[in-house]
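Trainee: coordinates only, sequence not included:
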């Protein structure tokens, strides 16, 4: 089991002075006590690494005292055989496990499962042949939202707003073409969160001309009015 250090708070990833001094007391690598920047992201994550055993010992021994104010350093475990990436939401980090080789082979044998994994991993490149991705991806979704914008809308800005909504709710964009953006989810809870968030994105409202809610059981209906009045 691999251990790494993550930050579960909105404050910057930073050791406290006590944490830095404790680290220096037994580590062959010394942090500069006179330079607090050495205790932060550049000095710790990029220089020492999240898996530095002496950093892990510091967090384990000192617990909350190892971290600076507004920072919550925690030991996360990665199972053997897995690679991982660190994702962040409002400054809070968490570990996302990447599939093992045997799991990838299973995904490759099941196109729908592969599409769903790629969607969740934000691997779709919306600038490269989106039509090739849209039909099977949309078919795999239980809930989708189709947003149409006016011709004078800056679609790069609109796309950026919708991507932010999706990232914070767990949805995925499955089609972007001309003045239309479609996103969706397989779980209603994630779709509902995105829907509520959409109502508070003021930047899109002057340009939004239609919004179609679709689910496989109930069919499609317009929800433009609700979005424009903040749901």
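Mentor: Cool, the structure landed. Predicted model, so just to flag it, every value in this text is computed and none were measured.
Trainee: which residues of this structure fall in helices?
Mentor: 17-26, 53-62, 101-108, 111-120, 130-140, 155-169, 188-198, 224-228 (DSSP state H).
Trainee: possible to save those as a markdown table with mean neighbour count?
Mentor: From N, CA and C alone the C-beta is placed, and that goes for glycine too. Output for the helices of the chain, formatted as a markdown table (neighbours: other Cβ atoms under 10 Å):
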| stretch | mean neighbour count |
| --- | --- |
| helix 17-26 | 17 |
| helix 53-62 | 18 |
| helix 101-108 | 12 |
| helix 111-120 | 16 |
| helix 130-140 | 15 |
| helix 155-169 | 17 |
| helix 188-198 | 18 |
| helix 224-228 | 15 |
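Trainee: Go through the ones you listed and name the closest to residue 178.
Mentor: helix 155-169 (8.0 Å; Cβ to Cβ).
Trainee: Now do the closest one against helix 188-198: the angle between them, please.
Mentor: 130 degrees (axes from the mean of the first three to the mean of the last three Cα atoms, to 10 degrees).
Trainee: Show the average pLDDT along helix 155-169.
Mentor: Mean per-residue pLDDT for helix 155-169: 89.
Trainee: Go ahead and name everything in contact with it.
Mentor: Helix 155-169 has contacts (Cβ atoms under 8 Å, 6 or more residues apart in numbering) with 89, 122, 126, 147, 149, 171-173, 176, 178-179, 181, 183, 185, 190-191, 193-194, 197-198, 201, 203-204, 207.
Trainee: Report the buried members of the residues you listed.
Mentor: In the contacts of helix 155-169, burial by neighbour count holds for 126, 147, 149, 171-173, 176, 179, 181, 183, 185, 190-191, 193-194, 197-198, 201, 204, 207, counting by 16 or more other Cβ atoms under 10 Å.
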